[in-house]
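**Student:** Task: produce atomic coordinates for the following.
(chains A and B)
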Amino acid sequence: DGGITQSPKYLFRKEGQNVTLSCEQNLNHDAMYWYRQDPGQGLRLIYYSQIVNDFQKGDIAEGYSVSREKKESFPLTVTSAQKNPTAFYLCASSSLGQGYTGELFFGEGSRLTVL
Amino acid sequence: DAKTTQPPSMDCAEGRAANLPCNHSTISGNEYVYWYRQIHSQGPQYIIHGLKNNETNEMASLIITEDRKSSTLILPHATLRDTAVYYCIVGAGSYQLTFGKGTKLSVIP
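**Tutor:** Numbering: from 1, shown residues only, chains lettered A, B, ... in the order given. You can find the predicted model right below:
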């Protein structure tokens, strides 16, 4: 089945450690996105990428880093510089170009808890 | 700045139509109206989108006012599985879609 796979689903880390969240898609989508969601809040855009080897900062990029070496993969690293890393992280993808509908396809999310 | 305004919560009786309102008075001419929903602790799910005309698909109907300053998402026969947070979003591209707090819809048996 086509879709987006995020891993791990749950992750616990000690303060000061970097962690990397995986996001893989087999939808052949050009664009991929990372969002952060805090309890009772909406989603905030961290980074997005519209093409391999290129990505742009979203609204809350500080303390995060990404890479886009393959079309299918868009890993997110939460660095020790992120002040409040405990959150629910969502990866999404979308197609671009002619016939583009703007529909985002989301993964099931990764819940990071920093102890 | 919030581009849309939605009520924080609504209740709907099971089997009845759920009508979720959204105000987007500052919408630009090239911006679409999108609706997504998020069931607890899952990723959001796309429901429907539109530009000017009313739209219908297997999940819902979208009614957009003529001046495009507001819209209503209609779930024709709400079920318990429709209990979720519903997001109304306006934007002209995927990276422009800002998810606010949405409306928490509770479908009551």
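
**Student:** distance of residue B:9 from chain A?
**Tutor:** From residue B:9 across to chain A, the span is 12 Å (CB to the nearest CB, to the nearest Å). Where C-beta positions appear, they are placed from N, C-alpha and C, glycine not excepted.

**Student:** Do I have it right that that residue meets residue B:101?
**Tutor:** No. Residue B:9 is not in contact with residue B:101 according to CB atoms under 8 Å; the separation is 10.1 Å.

**Student:** And the pLDDT at residue 16?
**Tutor:** All of this refers to chain A. pLDDT for residue A:16: 87.

**Student:** could you do chain B instead?
**Tutor:** pLDDT, residue B:16: 97.

**Student:** what's the burial count for whichever residue of chain A sits closest to chain B?
**Tutor:** Closest to chain B within chain A is residue A:106: 3.1 Å, counting by CB to the nearest CB. Residue neighbour count, defined by other CB atoms under 10 Å in any protein chain shown, stands at 22 for residue A:106.

**Student:** tell me the contacts of the closest residue to it other than its chain neighbours?
**Tutor:** Distances taken as CB to CB, 6 or more residues apart in numbering or on different chains place residue B:43 nearest to residue A:106, at 3.1 Å, with adjacent residues excluded. Shown in contact with residue B:43 (CB atoms under 8 Å, 6 or more residues apart in numbering or on different chains): A:4, A:90, A:92, A:106-109.

**Student:** Give the full set of residues in contact with the residue nearest to the spatial centre of chain A.
**Tutor:** The residue lying closest to the centre of chain A (CA atoms, centre = their mean) is residue A:34, at 2.7 Å. By CB under 8 Å, 6+ apart, the contact set of residue A:34 is A:23, A:45-48, A:58, A:64, A:66, A:74, A:76, A:89-92.

**Student:** Could you rerun that using 7 Å?
**Tutor:** A:46-47, A:66, A:76, A:89, A:91 (CB atoms under 7 Å, 6 or more residues apart in numbering or on different chains).

**Student:** Can you tell me which of those are buried?
**Tutor:** Among these, those classed as buried by 16 or more other CB atoms under 10 Å in any protein chain shown are A:46-47, A:66, A:76, A:89, A:91.

**Student:** Run a quick neighbour tally on residue A:69.
**Tutor:** 10.

**Student:** which stretches of the chain have low pLDDT?
**Tutor:** If you meant another chain, say so; for now it's chain A. Scanning chain A for pLDDT under 70 picks out A:1, A:97-101.

**Student:** please go with chain B instead
**Tutor:** Using pLDDT under 70, the flagged stretches of chain B are B:1-2, B:94-95.

**Student:** rewinding a little: report the spatially closest residue to the residue nearest to the centre of chain A, excluding sequence-adjacent ones.
**Tutor:** Per CB to CB, 6+ apart, closest to residue A:34 is residue A:46, 4.3 Å.

**Student:** Can you classify the one you found as helix, strand or coil?
**Tutor:** Using DSSP: H, G, I helix; E, B strand; the rest coil, the structure places residue A:46 in strand.

**Student:** can you pull the contacts of it?
**Tutor:** A:34-36, A:58, A:60-61, A:64, A:76.

**Student:** Pull the distance from the helix or strand encompassing residue B:73 to the chain's centre.
**Tutor:** Using DSSP states H and E, residue B:73 falls within strand B:70-75. Chain-centre distance of strand B:70-75: 6 Å, with CA atoms, centre = their mean, to the nearest Å.
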